[in-house]
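Colleague: for reference, the sequence and a predicted model appear below.
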Amino acid sequence: MRKQSWLALALAIAFIHPLSSKADDLFQLFWRGFVYTKNANGRIVAVSFTEQDFINKVAQDNGLDPSQLFFVYRPDKRDTAVVNANGAFVADVIQMEYNFTDVVNPNGTAVVRHALLFDEAHQTALGSFFGLENLSRDSNGNLVNDSLTGTVIYSKPDEGTVYSAHISTGRRIADNSGAH
């Protein structure tokens, strides 16, 4: 009898206070730049590098179709990731969440940011981001739109590469994955 009472109480609490999970805020991220390296003759070459290069690498590493993936900025996590078309997380790409300086306007709608860039394969910062983030929220504080624009400059010394790019967010990608 006591177990049934506890079970009933637990179920009542669960229905009154359901476990809530908030979908990730995802915004498509465009990445336009170059990777500088040396060719087989030892000459410095600049090769175009876009968000599709990140998508293709993640798709290859995970056996996925790149046409079903998006490169996104996740404002709440201050990082970039590749997600499935339904918004499900596939892989982290670059994080700017650890070391940063934000200069925020009084109402919190504009941020000038300088951040160090990290990835999962390196222990130290690869480079930095500088840019502007404009946010708009509804009356409940939910993020409605996020516009991030700026410049990234970083290197991967172990690969002998230097990257430079302009980045900007586009449309919201709906997170319908249910995995939050």
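Modeller: Yep, that arrived.
Colleague: just the helices in the chain please.
Modeller: With DSSP state H as the criterion, the chain has helices at 2-16, 51-62.
Colleague: now the first one: average pLDDT?
Modeller: Spelled out, it's helix 2-16. Mean pLDDT, helix 2-16: 46.
Colleague: let's see the pLDDT reported for residue 79.
Modeller: The model reports residue 79 with a pLDDT of 95.
Colleague: any idea how far residue 58 is from residue 89?
Modeller: Residue 89 is 11 Å from residue 58, where distance means Cβ to Cβ, to the nearest Å. Just so you know, the C-beta spots here come from the backbone N, C-alpha and C atoms, and that holds for glycine as well.
Colleague: revised request: answer the last question for residue 135.
Modeller: On the measure of Cβ to Cβ, residue 135 and residue 58 end up 27 Å apart.
Colleague: contact partners for residue 146?
Modeller: 25, 27, 73, 75, 133-136, 169 (Cβ atoms under 8 Å, 6 or more residues apart in numbering).
Colleague: please apply the same query to residue 113.
Modeller: Counting by Cβ under 8 Å, 6+ apart, residue 113 has contacts 96, 100-103, 129-133, 150.
Colleague: repeat that for 10 Å
Modeller: Shown in contact with residue 113 (Cβ atoms under 10 Å, 6 or more residues apart in numbering): 78, 96, 100-104, 128-133, 148, 150.
Colleague: which of these count as buried?
Modeller: Buried by 16 or more other Cβ atoms under 10 Å: 78, 96, 128-129, 131, 133, 148, 150, out of the contacts of residue 113.
Colleague: would CSV of the residues you listed with distance to residue 68 be doable?
Modeller: Below are the buried ones among the contacts of residue 113 laid out as CSV (distance: Cβ to Cβ, whole Å):
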residue, distance to residue 68
78, 25
96, 26
128, 31
129, 27
131, 29
133, 28
148, 24
150, 28
